[in-house]
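Novice: What shape does this take:
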Amino acid sequence: MERLSHIDPLNTAIGTNSVATNKQSDDAPSRPNATNKKQPYISHQPDSNGHIHYSEDEHAMWQALLARQAQHIPNRACTAYLEGLNKLNLPTTRIPQLRDIDEVLQTTTGWQTAAVPALISFGKFFKLLANKSFPVATFIRRFDDMDYIEEPDIFHEIVGHCPLLTHPAFATFNETYGKLGLNASKEERWFLARLYWFTIEFGLVGQTQDNRRIYGGGILSSPSETVYALREHSDQQGKSLHQVERQPEHRAFDLLDVLRTPYRIDHIQPIYYVIDDLDTLFDIVDSDIMGVVKKAMSMGLFEPSYPIKMPD
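Specialist: Residues are numbered from 1 along each chain as shown. Below you'll find the model as predicted:
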């Protein structure tokens, strides 16, 4: 939405766009500096038959990402995600065509994908979601960006999000979110972006630590964050004091708190909000989201729990 790619006002000391931030601790895994200048990614265009052609290197990147993530998802991804992944039956050696994804989504929840450039405007993003079309950038990261990429690529969108678009609550949440965003003001959209960030991108589900799983696509398309997000204190047993790593903070989902929580896109998240089960997304949809947005706007953001990123 500009694909949730803007950094929160607090990140830039005075403020531009989007969402809230999280603290980067000295012990938490960090991501590369997103301001490094690199050659921009360009989405592939379909041919006259609607087929998108990828190079052998791009197919190899897909295969490597999928194989690596397959090692981490079991016992960490929520059941609905795993069921959706099974329904999609993604190819392991090549990047799938969007029409193959659409066939599954249409028969389950009536959704489809929409090929887009790497970054799109808030307006286009909301419009697509409101019309049950999920934006997918038709490029894949380079090998030197394997661990982290700022732009959402086809691996992030297909592997991170599309499996859960087969689930009615997840699909309905996205559709409602799009409709709300279309009618929201610029400032309201900044607050709405936090809702998307802490649910669809970086949400956890499960009332207890034992049954807690991941449903956020930003986590599920990142091998390192898939492991980190569910790290438990028990994992630290036997380590010396200087070896113990900072734990992610899990907070029970509260809409007002979510809307007031800053985050940054260039750090693994220190804070995750947890819903009881996926059907809780129906409850959120049925609540007065925009009323709570207005309340959050009047109260302002929480203090950021990470170093503020100063403008260049």
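
Novice: where are the low-confidence patches of the chain?
Specialist: By pLDDT under 70, the low-scoring segments of the chain are 1-37, 233-245, 309-312.

Novice: Tell me where it has helices.
Specialist: 56-70, 79-88, 98-108, 122-130, 154-155, 168-182, 186-196, 217-220, 223-229, 255-259, 280-286, 289-299 (DSSP state H).

Novice: So which elements touch the first one?
Specialist: This points to helix 56-70. helix 154-155, helix 223-229 (3 or more Cβ pairs under 8 Å, 6 or more residues apart in numbering; DSSP states H and E). Placement of C-beta: from N, CA and C, glycine included.

Novice: so can I have JSON lines of those helices showing distance to P91 and mean neighbour count?
Specialist: Shown next, in JSON lines, are the helices and strands packed on helix 56-70 (distance: least, Cβ to Cβ, whole Å; neighbours: other Cβ atoms under 10 Å):
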{"stretch": "helix 154-155", "distance to P91": "12", "mean neighbour count": "24"}
{"stretch": "helix 223-229", "distance to P91": "19", "mean neighbour count": "19"}
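
Novice: With distance to F202 as added columns, please give the ones you listed in a markdown table.
Specialist: Output for the helices and strands packed on helix 56-70, formatted as a markdown table (distance: least, Cβ to Cβ, whole Å):
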| stretch | distance to F202 |
| --- | --- |
| helix 154-155 | 17 |
| helix 223-229 | 8 |
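
Novice: which one of the ones you listed lies closest to E201?
Specialist: Of all the helices and strands packed on helix 56-70, helix 223-229 sits nearest to E201, with 10.5 Å by Cβ to Cβ.

Novice: and the closest one, what does it pack onto?
Specialist: Using 3+ Cβ pairs under 8 Å, 6+ apart: helix 223-229 touches helix 56-70, helix 217-220.

Novice: Out of these, which is closest to Y81?
Specialist: helix 217-220 (6.6 Å).

Novice: Run the chain-centre distance for the closest one.
Specialist: 5 Å (Cα atoms, centre = their mean, to the nearest Å).

Novice: Render the CA-only coordinates of that helix in PDB, please.
Specialist: Taking C-alpha atoms only, helix 217-220 is exported to PDB below (Å, rounded to 0.1, in the frame of the first residue of the first chain):
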ATOM      1  CA  GLY A 217       2.400 -13.400   6.200                       C
ATOM      2  CA  GLY A 218       5.300 -11.100   7.000                       C
ATOM      3  CA  ILE A 219       6.500 -13.800   9.500                       C
ATOM      4  CA  LEU A 220       5.600 -16.800   7.400                       C
END
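
Novice: start at 6 instead
Specialist: All right, first residue 6 from here; so that's helix 222-225.

Novice: Who is A119 paired with across the strands?
Specialist: P140 (DSSP bridges).

Novice: Quick one: residues contacting it.
Specialist: By Cβ atoms under 8 Å, 6 or more residues apart in numbering, A119 lies in contact with L133, S138, F139, P140, V141.

Novice: Quick check on those: which are buried?
Specialist: L133, S138, F139, P140, V141 (16 or more other Cβ atoms under 10 Å).

Novice: and the spatially closest residue to the third one that is not a sequence neighbour, how many residues sit next to it?
Specialist: In space, not counting the residues next to it along the chain, F139 is nearest to T118; the distance is 5.3 Å by Cβ to Cβ, 6 or more residues apart in numbering. Residue neighbour count, defined by other Cβ atoms under 10 Å, stands at 25 for T118.

Novice: From S227, how far out is T118?
Specialist: As for T118, its distance to S227 is 21 Å (criterion: Cβ to Cβ, to the nearest Å).

Novice: Likewise for N188?
Specialist: 32 Å.

Novice: Find the nearest non-adjacent residue to Q117, please.
Specialist: Leaving out its chain neighbours, Q117 is closest to D107 (Cβ to Cβ, 6+ apart), at 4.4 Å.

Novice: Surely the one you found is in contact with T118?
Specialist: Yes: with contacts defined as Cβ atoms under 8 Å, D107 counts as touching T118 at a distance of 5.7 Å.

Novice: okay, N188 and S227: which has more neighbours?
Specialist: S227 (25 against 10).

Novice: is it true that that one touches Y153?
Specialist: Yes: using Cβ under 8 Å, S227 is in contact with Y153, at 7.2 Å.
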